[in-house]
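Q: Okay, predicted coordinates and the sequence, questions at the end:
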Amino acid sequence: MPFLLSLPFLFLFLISCSDDVLYNEATPRIFVKILNNSDTVLTGKAVRFQAVMSVPPEDVEFYWMIENKNSTNYPVLHHSLVFERTFMESGLYNIKFSVKDYFSDTYRDSLFLRVSSSPVCNGLSIKIFQGSPTFKWNCVDADGNGSLTYRFYLFNKYDKYKILRTDTILAESSLQLGYTLQMSDSIYLSATNKYGIETHLDSVWGQP
């Protein structure tokens, strides 16, 4: 008799463990992330995206779509949770991932990726008047999104590359030093755009 009473409970337990009921009860949560990169990358760099699902995917279709202000790519059926793309043009891209299950329910997540070009620098010139050097350089922001900032370093290579002069941030494209250059000095300059993409100018060794 106790066994017969337990049969209805066993039947309900088996139904609750069926795939369909489990899938209906558990709503998948989706999280899209960038693998091995930050949310700002350099043009020409391959970027890998991964979608993480809280419920193991079964009988579902994956769609990846990339949008920016200039163009829209139609959804692409992609049978993987990992997607790779190389971005050749700068801009702000919206990376969208969606899942459609066999109940026609759709779940989505997205993130923004900033693609930026390196600043373009044409060179560094040095003029010396009464032993005081003036440095000038010509750099432009390839993205056209604003001004650049510069970092200028003056090293002495015979003193374990001791930094003689450092300006953490320079807004101007010239600098005058009240210092006489020595043959053992090294000049290092970098230009950075507003997104943190940096370009290094060639070092200048010795007194010109």
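A: That came in fine, so what should we check first?
Q: Once you drop chain neighbours, what's closest to residue 150?
A: Nearest residue to residue 150, sequence neighbours excluded (C-beta to C-beta, 6 or more residues apart in numbering): residue 170, at 4.1 Å. Any C-beta I mention is one placed from the backbone N, CA and C, and that applies to glycine too.
Q: okay, now the one you found: neighbour count?
A: 16 (other C-beta atoms under 10 Å).
Q: With residue 135 instead?
A: The burial count for residue 135: 18, using other C-beta under 10 Å.
Q: what bits of this protein have low per-residue confidence?
A: 1-26, 56-58, 70-75, 77, 157-168, 202-208 (pLDDT under 70).
Q: how is it carved up into domains?
A: 28-116, 120-205 (automatic domain parsing).
Q: so what's the residue nearest to residue 150 up against?
A: Residues near residue 170 by C-beta atoms under 8 Å, 6 or more residues apart in numbering: 149-152.
Q: 7 Å - rerun?
A: 149-150, 152 (C-beta atoms under 7 Å, 6 or more residues apart in numbering).
Q: Which ones among these map onto strands?
A: Residues of these located in strands (DSSP state E): 149-150, 152.
Q: Name the member of the residues you listed with the most neighbours.
A: Counting by other C-beta under 10 Å, top hit in the ones in strands among the contacts of residue 170: residue 150 with 22 neighbours.
Q: Out of the contacts of residue 170, which comes closest to residue 196?
A: residue 149 (10.1 Å; C-beta to C-beta).
Q: Please tell me I have it right and that closest one contacts residue 189.
A: No. Judged on C-beta atoms under 7 Å, residue 149 makes no contact with residue 189 at a distance of 11.5 Å.
Q: Quick check: the residue most central in space within the chain vs residue 51, distance?
A: Closest residue to the average C-alpha location of the chain: residue 40 at 2.8 Å, with C-alpha atoms, centre = their mean. Distance, residue 40 to residue 51, using C-beta to C-beta, to the nearest Å: 21 Å.
Q: mind putting the ones in strands among the contacts of residue 170 in a markdown table, distance to residue 125 included?
A: Listed next are the ones in strands among the contacts of residue 170 as a markdown table, based on distance: C-beta to C-beta, whole Å:
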| residue | distance to residue 125 |
| --- | --- |
| 149 | 20 |
| 150 | 14 |
| 152 | 14 |
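Q: Return the distance of residue 182 relative to residue 152.
A: Look at residue 182 and residue 152: by C-beta to C-beta, they are 17 Å apart.
Q: before we move on, what about residue 181?
A: 13 Å.
Q: for residue 84, same thing?
A: 38 Å.
Q: in terms of contact, does residue 195 touch residue 114 like I think?
A: Yes. Counting by C-beta under 7 Å, residue 195 touches residue 114, with 5.8 Å between them.
Q: okay, those two: which has more neighbours?
A: residue 195 (20 against 17).
Q: Could you pull up the contacting residues of the closest residue to that one other than its chain neighbours?
A: With sequence-adjacent residues excluded and distances taken as C-beta to C-beta, 6+ apart, residue 195 is closest to residue 116, at 4.4 Å. Each residue near residue 116 by C-beta under 7 Å, 6+ apart is listed here: 40, 42-43, 90, 143, 193, 195, 197.
Q: Okay, and the beta partners of residue 116?
A: Beta bridges link residue 116 to residue 42 when assigned by DSSP bridges.
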